[in-house]
Every structure is written in structure tokens, then in C-alpha cells.
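> please work out how this folds:
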Amino acid sequence: MNTDIRWKQRLENFKKAVAQLEEFVQQPVLNKFERQGLIQCFEYSFELGWKTLKDYLENGGQDVATPRAAIQLAFQAGLIGDGHSWIDALQKRNFLAHSYNEQYALQAENLIRKTYAKMLKDACNHLDTLS
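Residues are numbered from 1 along each chain as shown. Below you'll find the model as predicted:
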């Protein structure tokens, strides 16, 4: 498959995931089941985000082996504005994917609402201007 087409197709899925994440974030209060849904939505939105960045970079001739490398190269290329938040989100996503604890879920909800949702939306919007 042409990599130019692949990153644009992945971007379409990323845009849909970010829109769904925004719907969660707009809800002022979530019960524990909705919170789990928010966290899962963040996880797959983040996954699509770094993979879209990876595909875009690879389309430009870069070799990207890991999520961390995709984030670092995307920051260097000006595709994302806050590399530290992306690395933090990567670490939190990995942790949340392998353990569930109500206290962690509340912390994750707070981070998603205050930082990660906007971070993903900004990257999505920037990539959309490049497509």
C-alpha cells in the first residue's frame, strides 16, 4: 500500500477517535463505567495518534521503529508541540493498559481532561492541515 495513502487513511480514523474522546471529555461527571470507557477511548486515540505520526514521518522518508521514536521525531519535525506530554501519555497508557485501580482511573481521567485530549486534538488538527 502506498504510504501516502496509509497515513491519510489512518488520519481519518484518528479524527474519529479524537471526536469520540471529545464527547467523553465534554461530560462533566462520569460514573466508573463511563470513566473506563474514557480511558479506553484515550488509549486507542493515543495509539492512532502516534501511528499516524509514524506513518506521516515514514512517508517523508524517516525510519520510525517505536512509539517513543515517533514522538521524538514528530516533536523535532514540529508536528506536535509538547513532546513531554506525549511521552508522559505513552507511559500512562502503558500503565493503564495493564492495571486497573479506581484511584489511578480518577488520576487518568483528570490527565485526559486537562492535558491529553487537547494534545491529541492539536496533533490531529495539525496533521489534517498537512493532508
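
> state the mean pLDDT of the helix or strand harbouring residue 124.
Secondary structure from DSSP states H and E places residue 124 in helix 117-130. Helix 117-130 shows a mean pLDDT of 97.

> residue contacts, the closest residue to residue 73 other than its chain neighbours?
Once flanking residues are discounted, residue 73 sits nearest to residue 57: 5.3 Å by Cβ to Cβ, 6 or more residues apart in numbering. Where C-beta positions appear, they are placed from N, C-alpha and C, glycine not excepted. Contact partners of residue 57, counting by Cβ atoms under 8 Å, 6 or more residues apart in numbering, are 64, 70, 73-74, 77, 79.

> follow-up on the earlier one: return the alpha-carbon coordinates of the helix holding residue 124 using CSV.
What follows is helix 117-130, C-alpha atoms only, in CSV (Å, rounded to 0.1, in the frame of the first residue of the first chain):
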residue,chain,number,x,y,z
ALA,A,117,-7.4,15.3,25.0
LYS,A,118,-6.2,18.7,23.8
MET,A,119,-2.8,17.3,23.0
LEU,A,120,-4.3,14.7,20.7
LYS,A,121,-6.8,17.2,19.2
ASP,A,122,-4.0,19.7,18.4
ALA,A,123,-1.9,17.0,16.7
CYS,A,124,-4.9,15.8,14.8
ASN,A,125,-5.8,19.3,13.6
HIS,A,126,-2.2,19.9,12.6
LEU,A,127,-1.9,16.7,10.6
ASP,A,128,-5.2,17.5,9.0
THR,A,129,-3.8,20.7,7.6
LEU,A,130,-1.0,18.6,6.0
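
> buried sites along it?
Within helix 117-130, the residues that count as buried by 16 or more other Cβ atoms under 10 Å are 117, 119-121, 123-124, 127.

> ok now the host helix or strand of residue 73, how far from the chain's centre?
Here residue 73 sits within helix 67-76, counting by DSSP H and E. Relative to the centre of its chain, helix 67-76 is centred 13 Å away, using Cα atoms, centre = their mean, to the nearest Å.
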